[in-house]
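1. Here is a sequence with its predicted model. Questions after.
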Amino acid sequence: MNEIEFRKQCVIDPNSEDERFVEAMQDSELHKIREEYLDFDAQLKDAMRLQSDFDPESLKLIPQEMDEEHAKEESSWFKSALRPAYSIAASFVAAMVVVFGLLLQPEPALSESMMDHLYDHMEVTHIRTKFPQQKLRPLLDEYGIRISEVLTERMRHASKCELENLTGLHIVFDGESGPVTLFFMPGAEVDRASMMGREQFHGILFQHGDGAVGIIGVMDEQLLPLKDEVEASLVPLTPKKA
């Protein structure tokens, strides 16, 4: 099992008992990669637990008015009362920094549909053969776009997909850390770029030409360089009319 296959299995189930996966873990570098995935899961769970443990009602115990005669005494009490709340809030903020790049709420419905489609068709994410150019060209022609050779040389899958009553393209290509899924939905509009995430995947949704583009990769995939690469490589032309 090579590193890319190992990372894929870590994304799907880092605790898998698959013989090839278990054997690959004997390699110190691959074992370290699996530990990184497990560490992230633990950090995410801690962040969510801090969010659920924080009780805003506790702040109501802080006195709103202080008698001037007992200002010093009450000021001391005020600071003591705030200290646990500040500690919880600080811990919560620190923990949320871990997941800030993963989730930006609220997520557009299109982001959710892209994630759902990714999981529903996970099998295409694991294709390792190069996607035939003779099959790619008709798809690109139908949607009036061109994709540079930089991406087509790394492309593993391309097909039509339907999301939010719109038809577009579902593409898989090799990223730096694993397979990257790209959705191009002509006619879709998003107000601003936004992040999305689920389990071991994170992504970014943004407007490009006359459509919306979603890029989804494994957690350690750098999204912003990918966004720049896709914007430079994917050239939307005027869509063909039916």
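-> Yep, that arrived. Here the structure is a predicted model, which means the values were calculated and not measured.

2. Hmm, L38 is touching M25, no?
-> No: L38 lies out of contact with M25 (Cβ atoms under 8 Å); the separation is 11.6 Å. The C-beta positions use only the backbone N, C-alpha and C, and glycine is treated the same way.

3. the more surrounded of those two?
-> Between L38 and M25, M25 has the larger neighbour count (other Cβ atoms under 10 Å), namely 19 against 12.

4. Now do the more buried one against I204, distance only.
-> 31 Å (Cβ to Cβ, to the nearest Å).

5. Could you list the single helix or strand in the chain with the lowest mean pLDDT?
-> For the chain, scoring each helix and strand by mean pLDDT, DSSP states H and E identifies helix 71-100 as the least confident one, at a mean of 48.

6. Name the spans of the chain whose pLDDT lies under the cut-off.
-> Where the chain drops to pLDDT under 70, the residues are 4, 11, 40-108, 236-242.

7. Can you list the residue ranges for helices in it?
-> Remark: helices assigned in the chain by DSSP state H are 3-12, 19-24, 28-53, 71-100, 109-120, 133-143, 149-152, 223-233.

8. Please identify the buried residues of the fifth one?
-> If I follow you right, that is helix 109-120. With burial defined by 16 or more other Cβ atoms under 10 Å, the residues of helix 109-120 counted as buried are L110, S111, S113, M114, M115, H117, L118.

9. what's the answer for the shortest one, then?
-> Applying a neighbour-count criterion of 16+ other Cβ under 10 Å, one finds L151, T152 buried in helix 149-152.

10. Can I get it as CSV, trimmed to CA atoms?
-> Output of helix 149-152 as CSV, limited to C-alpha atoms (Å, rounded to 0.1, in the frame of the first residue of the first chain):
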residue,chain,number,x,y,z
GLU,A,149,-3.1,20.3,-19.1
VAL,A,150,-1.8,21.0,-15.6
LEU,A,151,-5.1,19.5,-14.3
THR,A,152,-6.0,17.1,-17.0
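
11. name the helices or strands packed onto it?
-> If you count contacts as 3 or more Cβ pairs under 8 Å, 6 or more residues apart in numbering; DSSP states H and E, helix 149-152 packs onto helix 223-233.

12. Need the contact partners of the helix it packs on.
-> Outside helix 223-233, the residues that touch it by Cβ atoms under 8 Å, 6 or more residues apart in numbering are 147-148, 150-151, 175, 180, 182, 193, 202-204, 206, 208, 213, 215, 217.

13. repeat for stretch 155-167
-> Under the criterion Cβ under 8 Å, 6+ apart, residues 109-110, 113-114, 117, 121, 124-125, 127-131, 135-136, 139, 147, 168-174, 179, 183, 185-188 lie in contact with stretch 155-167.
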